[in-house]
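Peer 1: whatever this is, show me its structure:
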Amino acid sequence: MKNPQYSFWKDKKVLVTGHTGFKGGWLTLWLKRMGAKVQGIGLPPNTNPNLFLSARIWDNIDNHFCDIRDKSALKKSVHKFAPEVVFHLAGQALVKVGYREPIETLEVNVMGTAYLLQIFREVRSAKVLIMVTSDKVYSTSYSNPLSNTVRCHPYRETDPLGGIDPYSASKAASEMVITSYAKSFLSPLGIAVASVRAGNVLGGGDWAPNRLIPDAIRSWINKRPLIIRNPKAVRPWQHVLDPLAGYLLLAETLWTNPNVAGAFNFGPPNQDPVSVRQVVEMAKKA
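Peer 2: Here you go, the predicted structure:
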């Protein structure tokens, strides 16, 4: 895969929502390194330590601590900055929190996405919107009642959407909102909208709870047993910079070729599946 082009991003005005989070933080750092003018909108970091402060992500950007559901504050910030490219990563990102706070999860992930899309229907500065969702948007119980078959391949963009837990349902619902706004309002205005779906990402700067590697390291440091719900489960593991590179390259492509807008999966090759147990064992040896 080729690398994002510094020449494209230099002096581009780019909005990153969720810039205080793990993926959003690394994306902001990368954009700054390439010379982009970055606006970050997100909640204050909720862990200590955190990547936002440790890597000085706040430095030399237009930083706003704002709830994505605050329509007035969101629109005011966006209107003043007038971004040309948008990466939307803000959201409630944990399955366990979805069970504990289902209404808030739906409000943030579905309505927060709708509010942002509506703003760019009105503030027509952006040419490309990259909406980051999750591979959890797919139905885990997909079957075809006409052929009596079940899914036997890695997720494809054309697979049915679903979600039996609140988090997954919220992400699947946000996909429908994205598609609706793209086709009904934004594409006719010449704004390219893509949703991007990735699985588990690993890398430095992730201190969030209920994440495999951070939880494992905390358990080893504190000499406590590590509880793994499903050690045989296989997930599409990848380093955090891998999907981010894909998001950047997709934005570059959509800038000149908006007709390829749509939904895109980002993941590792399918030839070498790795289980949760194997990932933990490799981390312990490292």
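Peer 1: what's the distance between the most centrally placed residue in the chain and R211?
Peer 2: The centroid of the chain falls nearest to V132 when counting by Cα atoms, centre = their mean (3.7 Å). Distance, V132 to R211, using Cβ to Cβ, to the nearest Å: 17 Å. Using the backbone N, CA and C atoms, a C-beta is placed for each residue, glycine as well.
Peer 1: backbone phi and psi for the residue nearest to the centre of the chain, please?
Peer 2: Torsion angles at V132 (phi, psi; degrees, to the nearest 10) stand at phi -90, psi 120.
Peer 1: the closest residue to it other than its chain neighbours and G25: what is the separation?
Peer 2: The shortest distance from V132 to any non-neighbouring residue, by Cβ to Cβ, 6 or more residues apart in numbering, is to L89 (4.7 Å). According to Cβ to Cβ, L89 stands 9 Å off from G25.
Peer 1: which neighbours do those two have in common?
Peer 2: Counting by Cβ atoms under 8 Å, 6 or more residues apart in numbering, the residues touching both L89 and G25 are H19.
Peer 1: all strands of the protein, in order?
Peer 2: For the chain, applying DSSP state E gives strands covering 13-17, 37-42, 62-65, 85-88, 128-132, 143-144, 149-150, 192-198, 201-202, 234-235, 238-239, 263-266, 274-275.
Peer 1: export those strands to TSV and tack on mean pLDDT and distance to D165?
Peer 2: Putting those into TSV (pLDDT from 0 to 100; distance: least, Cβ to Cβ, whole Å) gives the following:
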stretch	mean pLDDT	distance to D165
strand 13-17	99	23
strand 37-42	99	24
strand 62-65	98	29
strand 85-88	99	22
strand 128-132	99	19
strand 143-144	43	19
strand 149-150	44	20
strand 192-198	98	16
strand 201-202	96	19
strand 234-235	86	16
strand 238-239	95	22
strand 263-266	97	20
strand 274-275	90	21
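Peer 1: closest one to S219 among these?
Peer 2: S219 sits nearest to strand 201-202 of all the strands of the chain, at 16.4 Å, using Cβ to Cβ.
Peer 1: quick one: distance of that closest one to the chain centre.
Peer 2: Centre-to-centre, strand 201-202 and its host chain are 12 Å apart (Cα atoms, centre = their mean, to the nearest Å).
Peer 1: for it, packing partners?
Peer 2: strand 238-239 (3 or more Cβ pairs under 8 Å, 6 or more residues apart in numbering; DSSP states H and E).
Peer 1: so what touches the strand it packs on?
Peer 2: A198, G199, N200, V201, L202, G203, F266, G267, P268.
Peer 1: closest one of these to R229?
Peer 2: Nearest to R229, judged by Cβ to Cβ, of the contacts of strand 238-239 is N200 at 13.7 Å.
Peer 1: apart from its chain neighbours, what residue comes closest to the closest one?
Peer 2: Nearest one to N200, counting by Cβ to Cβ, 6+ apart, is R235 at 4.7 Å.
Peer 1: so the one you found is in contact with L202, correct?
Peer 2: No: in this structure, R235 is not within contact of L202 by Cβ atoms under 8 Å, at 10.3 Å.
Peer 1: before we move on, back to that, of all the strands of the chain, which one is nearest N222?
Peer 2: It is, among these and with distance given as Cβ to Cβ, strand 201-202, at 20.6 Å.
Peer 1: what lines up beside the closest one in the sheet?
Peer 2: strand 238-239 (parallel) (DSSP bridges).
Peer 1: centre of the chain versus the partner strand, how much separation?
Peer 2: For strand 238-239 - counting by Cα atoms, centre = their mean - the centre lies 13 Å from the chain centre.
Peer 1: same check, this time on stretch 112-120
Peer 2: With Cα atoms, centre = their mean as the basis, stretch 112-120 stands 16 Å off its chain's centre.
Peer 1: in it, what's buried?
Peer 2: G112, T113, A114, L116, L117, Q118, I119, F120 (16 or more other Cβ atoms under 10 Å).
Peer 1: all good on my end, thank you.
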